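Visitor: What shape does this take:
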Amino acid sequence: MKPIIKTNIKKTRHFSQNLLTWFDLHGRKDLPWQHDKTPYRVWVSEIMLQQTQVSSVIDYYQRFMTHFPTLESLANANEDAVLEQWAGLGYYARGRNLLKSAKIIQAEHQGNFPSTHEAIVQLPGIGRSTAGAILSIAFKQQATILDGNVKRVLCRHEAIEDWSGERLTEKKLWDIADRYTPTNRVDDYTQAIMDLGATLCTRRAPNCANCPLSDSCLAFKQERQNELPKSKPKKAIPQKHIWIIQLESADDKDPRILLEKRPSPGIWGGLYSLPEKPAELSTEQIIEQCEQEFSVKVIKNQTMPPFGHVFSHYKLELKPIKLHVTAPPLSVCENKQQLWVTETEIQSLGLPAPIKKYLDKN
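Guide: Below is the predicted model of the structure:
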């Protein structure tokens with residue numbers, strides 16, 4: 001048994017040492033969240049980077065930190081202000097959970113970000129891997145991560161045959177990730193293994209020639225790097241259809257559009273969007289319902305070209321209809337869930353990216 005233990009120790013050291021040597025020469029060290037690595041700044045970046053590429057996050061992160069430079073400033077904000085800065089980044093529950101967590105930290109941890117795994121994973125929106133990233137990068141504690149990039153690296157390195165999302169496969173990957181995580185320079189190691197997956201061990205056309213782990217990577221030795229990791233078994237993505245209603249006041253001097261705040265949680269939860277109606281309704285039925293619901297009179301209607309949006313679990317076709325209506329009643333304006341807003345006022349609200357894009361054109 002002893003020779004096997006020594007071999008495993010040697011293998012794990014070889015893995016982390018080669019990775020850190022590569023990171024020192026080629027790793028990314030100038031990303032916005034890599035400066036002044038406070039727990040707050042690291043936490044915000046890790047939440048934004050969930051299911052989102054670095055290139056897409058940078059501008060959002062910088063803008064978010066300008067508006068909410070400290071945990072206290074975020075904790076004292078309201079949901080609309082947070083979602084306004086999040087709009088377009090997608091997966092809006094992340095933004096809502098940031099706000100919820102900030103308020104919890106302010107109330108229960110005296111404004112200090114918790115430094116134990118047990119406490120961190122109790123915060124909304126933080127799982128095992130994100131907690132590990134925060135602990136290792138911000139607190140320099142030995143903690144393991146297993147995000148999508150790391151899963152891909154380890155699946156190839158160990159020639160894992162099964163889809164990484166399977167429960168037993170994921171447990172196996174956690175065991176491997178734990179074994180390879182070093183006790184020293186754990187903050188650099190965490191960044192290094194994420195960087196490797198993002199820049200060399202990519203989903204398509206991995207750059208094995210420059211990979212620091214190619215000499216021990218089983219997929220590379222077996223010439224299966226383009227085959228592994230196995231993809232998630234495909235399921236048919238359902239297609240849904242819905243009307244979106246652009247109610248616009250007929251006041252040509254300063255026309256206003258009706259927006260509704262979407263319920264939280266849910267798709268685009270907490271953002272302002274156009275009212276929706278079931279796809280099976282006719283134009284006449286939509287007009288009748290809108291006149292009753294919003295106390296307006298439709299003067300003219302216009303069906304606009306439909307457009308699509310793809311969510312993680314279904315495709316949505318949005319069919320817009322523009323309704324020019326009489327001046328809206330002030331009572332509706334006072335409702336926090338429904339707002340009649342001008343084109344200028346729209347810019348200060350958090351809207352789903354496809355809805356904002358549509359309104360900008362129409």
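
Visitor: would N18 count as being in a helix?
Guide: Yes: checked against DSSP: H, G, I helix; E, B strand; the rest coil, N18 lies within a helix.

Visitor: Now do the contacts for the nearest residue to L200 once chain neighbours are set aside.
Guide: Using C-beta to C-beta, 6 or more residues apart in numbering and skipping residues adjacent in sequence, the residue nearest L200 is N207, 4.5 Å away. Backbone N, C-alpha and C define where each C-beta goes, glycine included. By C-beta atoms under 8 Å, 6 or more residues apart in numbering, the residues touching N207 are T199, L200, C201.

Visitor: One more: F307?
Guide: E317, L318, P320, P354, Y358.

Visitor: same deal with K315?
Guide: With C-beta under 8 Å, 6+ apart, K315 has these contacts: I237, P238, Q239, K240, G308, H309.

Visitor: F139 contacts T38, doesn't it?
Guide: No: with contacts counted by C-beta atoms under 8 Å, F139 stays clear of T38, the gap being 10.3 Å.

Visitor: the more surrounded of those two?
Guide: F139 (18 against 13; other C-beta atoms under 10 Å).

Visitor: now the more buried one: how far from V186?
Guide: 9 Å (C-beta to C-beta, to the nearest Å).

Visitor: for E280, same thing?
Guide: Using C-beta to C-beta, E280 is found at 56 Å from V186.

Visitor: One more: K171?
Guide: Distance, K171 to V186, using C-beta to C-beta: 22 Å.

Visitor: what about these two, which has more around it?
Guide: V186 (21 against 10).

Visitor: Please name the residues that touch the more buried one.
Guide: Here V186 is in contact with S136, K140, Q141, Q142, A143 (C-beta under 8 Å, 6+ apart).

Visitor: out of these, which are buried?
Guide: Applying 16 or more other C-beta atoms under 10 Å to the contacts of V186, the neighbour count classes S136, Q141, A143 as buried.

Visitor: Over to the second one. Which of the three states is it?
Guide: What three-state DSSP gives for Q141 is coil.

Visitor: There's contact between it and L135 in this structure, I believe.
Guide: Yes: between Q141 and L135 there is a contact under C-beta under 8 Å: 4.4 Å.

Visitor: Identify the contacts common to the two.
Guide: What both Q141 and L135 touch, as defined by C-beta under 8 Å, 6+ apart, is the set S115.

Visitor: any low-confidence regions in the stretch 201-350 of the chain?
Guide: Residues of the stretch 201-350 of the chain meeting the criterion pLDDT under 70: 252, 329-336.

Visitor: and if we set it to 90?
Guide: Residue ranges of the stretch 201-350 of the chain with pLDDT under 90: 232-237, 249-256, 263-267, 294-295, 311-313, 326-339, 341-345, 347-348.

Visitor: just the stretch 1-150 of the chain next, same as before
Guide: For the stretch 1-150 of the chain, residues meeting the criterion pLDDT under 90 lie at 1-13, 51.
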